[in-house]
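1. Attaching a predicted model along with its sequence, questions to come.
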Amino acid sequence: QKEVEQDPGPLSVPEGAIVSLNCTYSNSAFQYFMWYRQYSRKGPELLMYTYSSGNKEDGRFTAQVDKSSKYISLFIRDSQPSDSATYLCASLGNYKLSFGAGTTVTVRA
Amino acid sequence: NAGVMQNPRHLVRRRGQEARLRCSPMKGHSHVYWYRQLPEEGLKFMVYLQKENIIDESGMPKERFSAEFPKEGPSILRIQQVVRGDSAAYFCASSLTDRAYSGNTIYFGEGSWLTVV
């Protein structure tokens, strides 16, 4: 069983729609959860990180963690074509990141 | 403040040759990690190094792969006798410490794309 599972998509939405991305994880010891954005042929760029359960908001982005169900979510409001990328969820166990496979998102103008 | 610097960005090697990938961490960071991204797969941890020490190489293939982070200079990921299956993107990351706590984020470089022909 993979430590972090993520639906690879792809996901295509019209501009202005809400993008909803989800992951599940298996290791109860995970406390920190990250979302990275990766454009084609580029490195992962840290978008958000959260600790334990709860919500965190940053501009158009909201990250949620539900430790009881081991569920991680990222919401992008008012999506823009520039949000088209692959989104990677990750869980941090001390120094080692466990990544999901990534979801490719296309926002249509 | 310069980010994590990797070079070369693109590397083409024939089967059997050696590939050397270099990584300079962010200024002030002494913890370096290498991850590999195979086509259609997620990022996978390979190795974690501090200056002059390999801390965890549990994700490294047992043969042909080695990594170092010398006292002076960049971290090096070395792949000997490359095979087609080594074709992938190799990412270096760095962090301030090795402990997960709020604010200790891990930053990635732009990657080195290795193609074995």
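-> In hand now; what should we look at?
2. now the strands for the chain?
-> Defaulting to chain A. Taking DSSP state E, the strands of chain A run over residues A:4-6, A:11-14, A:19-25, A:32-38, A:45-51, A:54-58, A:61-66, A:71-76, A:85-93, A:96-99, A:103-108.
3. was after chain B, sorry
-> Using DSSP E, strands in chain B cover B:5-7, B:10-13, B:19-24, B:31-37, B:43-50, B:53-56, B:65-68, B:75-79, B:88-95, B:107-108, B:112-116.
4. what's the weakest-modelled helix or strand in chain B?
-> Lowest mean confidence among the helices and strands of chain B (mean pLDDT, DSSP states H and E): strand B:107-108, at a mean of 92.
5. packing partners for that one?
-> strand A:45-51, strand B:88-95 (3 or more Cβ pairs under 8 Å, 6 or more residues apart in numbering or on different chains; DSSP states H and E). Yep, even glycine has a C-beta here, placed from its N, CA and C like the rest.
6. looking at chain A, which residue ends up farthest from its center?
-> Within chain A, A:A109 marks the point farthest from the mean C-alpha position, 22.1 Å out by Cα atoms, centre = their mean.
7. Identify the residues contacting that one.
-> Applying Cβ atoms under 8 Å, 6 or more residues apart in numbering or on different chains to A:A109 gives the contacts A:15, A:81.
8. What residues does chain B have near chain A?
-> Proximity of chain B to chain A (Cβ under 8 Å from any Cβ of the partner chain) is limited to residues B:4, B:6, B:31, B:33, B:35, B:40-45, B:48, B:55-56, B:91, B:93, B:95, B:98-100, B:102, B:105-111, B:113.
9. For the closest residue to B:L38 other than its chain neighbours, give me its contacts.
-> Nearest in space to B:L38, with sequence neighbours left out and distances taken as Cβ to Cβ, 6 or more residues apart in numbering or on different chains, is B:A88 at 4.8 Å. Contacts for B:A88 were tallied using Cβ under 8 Å, 6+ apart; they are B:36-39, B:113-114.
10. Closest one of these to chain A?
-> Using Cβ to the nearest Cβ, B:W113 is the member of those that lies nearest chain A, at 7.1 Å.
11. Tell me who's in contact with the closest one.
-> A:41, B:9-11, B:88-90.
12. 6 Å instead?
-> B:10, B:89 (Cβ atoms under 6 Å, 6 or more residues apart in numbering or on different chains).
13. Show me what it is bridged to.
-> For B:W113, the beta-bridge partners are B:H10, B:A89 (DSSP bridges).
14. related to what we said a few turns ago, partners of the least confident helix or strand of chain B in the sheet?
-> When pairs are called by DSSP bridges, strand B:107-108 turns out to pair with strand B:88-95 (antiparallel).
15. Could you check the angle the strand it pairs with makes with strand B:75-79?
-> Angle of strand B:88-95 versus strand B:75-79, following axes from the mean of the first three to the mean of the last three Cα atoms, to 10 degrees, is 160 degrees.
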